[in-house]
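Engineer: Just a sequence and a predicted model for now, questions to come.
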Amino acid sequence: MTIARPARIVALSASLRGRSINGRLVDVAAGLCEGLGATVVREDYRALAGGTPDYDQDIEDAEGIPPVPAALAARLGAADGLLLAAPEFSHSMPGTLKNILDWVSRVKPAPTPNLVCFLLSASPSMVGGYRGLQALRIPLETMGVIVLPDMFALAQAKTPEDVDRLTGAAPAGARLKAGRAAFLETALAMRPIADRRR
Ligand SMILES: Cc1cc2nc3c(=O)[nH]c(=O)nc-3n(C[C@H](O)[C@H](O)[C@H](O)COP(=O)(O)O)c2cc1C
């Protein structure tokens with residue numbers, strides 16, 4: 001199966017560490033999207049988080065949106081879809097990610113209405129970080145993002161090699177492939193509506 005028009009996808013893993021399981025998961029998912037003809041821009045999360053100051057309205061009032069989150073907002077604004085993997089920290093999202101989203105939410109005109117998002121997580125736990133994804137839906141939906149109901153949470157993954165093994169076989173691999181196809185189809189279907197903000 002290939003999808004007729006190439007979807008434009010931004011892929012981001014909200015983990016700072018080198019041997020991140022979420023980093024590996026987003027790489028696997030990005031590769032699957034490319035396998036269906038999508039164009040994927042991979043974000044450098046260290047550069048994003050490191051270049052984004054803690055949100056401070058005094059900074060915004062004096063200087064506007066800092067260049068790093070402003071550039072991310074522009075890339076999201078031009079995209080059809082966001083592939084976002086996030087570790088679950090204390091049953092919620094990483095603070096660095098919330099901070100970046102807060103800055104992006106301040107960009108006007110808003111860059112993210114009708115951007116389609118497929119949420120992913122990997123965790124050593126039995127629920128795979130799913131509770132963190134439920135928390136992440138709230139700021140994303142507040143920003144007008146269409147967060148797909150079907151989220152992919154990979155349980156019992158401790159290492160990048162675990163991610164490869166688990167996603168390389170049924171049932172997780174089949175579930176990820178099905179989620180990826182629905183994501184690309186929805187992202188392309190929403191393009192004419194998302195175009196209204198461009
Ligand atoms: C501060 C902190 C809080 C965490 N809270 C949770 C949690 O609530 N649920 C969970 O499944 N794992 C939790 N973990 C474990 C992470 O899922 C695990 O460290 C995972 O490898 C992080 O993803 P990464 O490898 O992509 O950085 C937590 C880890 C840290 C450092």
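Structural biologist: Happy to help now that I have it.

Engineer: quick one: the helices in the chain?
Structural biologist: Secondary structure of the chain (DSSP state H): helices at 21-35, 45-50, 57-63, 67-78, 95-105, 130-142, 160-167, 172-189, 191-194.

Engineer: Dump the ones you listed into a markdown table; add mean neighbour count as well.
Structural biologist: All C-beta atoms are positioned from the backbone trio N, CA, C, and that covers glycine. What follows is those, written out as a markdown table (neighbours: other CB atoms under 10 Å):
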| stretch | mean neighbour count |
| --- | --- |
| helix 21-35 | 22 |
| helix 45-50 | 16 |
| helix 57-63 | 10 |
| helix 67-78 | 17 |
| helix 95-105 | 20 |
| helix 130-142 | 18 |
| helix 160-167 | 18 |
| helix 172-189 | 18 |
| helix 191-194 | 15 |
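
Engineer: Residue 83 is in contact with residue 8, correct?
Structural biologist: No: here residue 8 does not reach residue 83: they are 11.4 Å apart, not a contact under CB atoms under 8 Å.

Engineer: which one of the two has more residues nearby?
Structural biologist: For residue 8 versus residue 83, neighbours defined as other CB atoms under 10 Å are more numerous around residue 83 (29 against 17).

Engineer: now the more buried one: how far from residue 27?
Structural biologist: 10 Å (CB to CB, to the nearest Å).

Engineer: next one: residue 177
Structural biologist: Using CB to CB, which is the criterion applied here, residue 177 is 15 Å from residue 27.

Engineer: Point out the residues in this structure that sit beside the ligand.
Structural biologist: Counting by CB under 6 Å from any ligand atom, the chain comes close to the ligand at 15, 17, 20-23, 87-91, 123-125, 129.

Engineer: By neighbours, which of those residues wins?
Structural biologist: Neighbour max across those (other CB under 10 Å) = residue 129, 31 neighbours.

Engineer: Name the nearest residue to it, sequence neighbours excluded.
Structural biologist: residue 121 (3.1 Å; CB to CB, 6 or more residues apart in numbering).

Engineer: Go ahead and confirm the one you found touches residue 127.
Structural biologist: No: in this structure, residue 121 is not within contact of residue 127 by CB under 8 Å, at 9.3 Å.

Engineer: Comparing these two, which residue is more hemmed in?
Structural biologist: Remark: of residue 121 and residue 127, residue 121 carries more neighbours, 31 against 15, as counted by other CB under 10 Å.

Engineer: Who are the contact partners of that one?
Structural biologist: 22, 25, 85-88, 128-130, 132-133, 151-154 (CB atoms under 8 Å, 6 or more residues apart in numbering).

Engineer: mind redoing it with 6 Å?
Structural biologist: By CB atoms under 6 Å, 6 or more residues apart in numbering, the contact set of residue 121 is 86, 88, 128-129, 132-133, 153.

Engineer: Residue 66 now?
Structural biologist: residue 53.

Engineer: Got the confidence number for it?
Structural biologist: pLDDT, residue 66: 98.

Engineer: do you know how far residue 67 is from the ligand?
Structural biologist: 26 Å (CB to the nearest ligand atom, to the nearest Å).
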